[in-house]
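In: how would this look folded up:
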Amino acid sequence: MERRLTMKHTRRPVVIYGGPADVVIVIEDREEIEVVLDYRGRGLTKVPGQAILFSDTYDDKVNGRHRRGLSRIQTVTVRLPLSVRQLDATSRGTINVEGPAEWVFLDGRKGITIEELTLGALNSTSGPIDVGRAAGKVHLHTRGGKVGVRADRPSELVISTRGGDVEVSGRWDEDALDIREGCGEVTLDRG
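Out: Residues are numbered from 1 along each chain as shown. Predicted structure coming up:
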C-alpha cells in the first residue's frame, strides 16, 4: 500500500528519518516536496500527515519511523526540488540518492548509493558506499564495507573503511585524496 504527501519547500534544510525502512531520495526539477510511503498492513492511514511531513523552525522534516497497529513502513521515497541545498538523512536500511546533491550528510546502516555529490559526508555502519561522481569536499566512512568512488577533481576526498576495500577511479590531485590506514585492498584507476 502507498500513502502520498506533499508540502511546499520552505528553502530550509531537509531532514529525513527513515527508521528501519529503506530511503530513496530523488532530486529533480519540481516545486514541492513529495513523500511516498510504501507500507504493509493497516493503521498508517490514521497517522496525521503533519506527523510525517512537517516544517520546523530550522528545517523541513520527513519522519518515516511510524509504526501503528499492524502497519510497517518498508520504503520512504522523497522527491525533492533542485533548490534543496542541505540534506540530512538517517536510516537503519539503505539510502539511495538520484540526482545532484550539494551539501549532504547521509547515515545508512546497510549501505549508501549516490549519483552525484558536491559536498558532504556519508557514513555506513556495515554496508557499501557507492558514489557515481564526487567533486568538492567529500568524506566517506564505513566499518568494513566497500567504497567505490568516481572522482571528478574533488578538493578533498577522505576515505575510511576499517578493513573494507576501496576503489577510486577518475581524476584527482594527490594532495586531495586521503585514504586512511586500516583499509583493505586499494585500487586506484586514473582515467
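In: How about the contacts made by the most centrally placed residue in the chain?
Out: Nearest to the geometric centre of the chain sits residue 106, at 4.3 Å (CA atoms, centre = their mean). Neighbouring residues of residue 106 by CB atoms under 8 Å, 6 or more residues apart in numbering: 87-90, 95, 97, 112, 114, 120-123. Where you see a C-beta, it was placed from the backbone N, CA and C, and this is true even at glycine.
In: Recalculate using a threshold of 6 Å.
Out: Contact partners of residue 106, counting by CB atoms under 6 Å, 6 or more residues apart in numbering, are 89, 95, 112, 122.
In: can you check residue 37 too?
Out: For residue 37, the contacting residues are 3, 73, by CB under 6 Å, 6+ apart.
In: returning to what we had before: hey, what's the residue nearest to the centre of the chain bridged with?
Out: residue 89, residue 122 (DSSP bridges).
In: Point out where this structure drops to low pLDDT.
Out: Scanning the chain for pLDDT under 70 picks out the ranges 43-46, 57, 65-71.
In: ok, which stretches of it are helices?
Out: Per DSSP state H, the chain carries helices over the ranges 49-52.
In: Looks like residue 89 contacts residue 16 (just checking).
Out: Yes: contact criterion CB atoms under 6 Å: residue 89 and residue 16 qualify, at 4.1 Å.
In: what residues does stretch 76-87 touch?
Out: Here stretch 76-87 has contacts from 9, 13-14, 16, 18, 21, 23-27, 29-30, 33-36, 62, 64, 102-104, using CB under 6 Å, 6+ apart.
In: Can you say which of those residues are buried?
Out: By neighbour count, with 16 or more other CB atoms under 10 Å, the contacts of stretch 76-87 hold 9, 13-14, 16, 18, 21, 23-25, 27, 33-36, 62, 64, 102-104 as buried.
In: So which of the residues you listed belong to strands?
Out: Using DSSP state E, 14, 16, 23-25, 27, 33-36, 62, 102-104 are the members of these that sit in strands.
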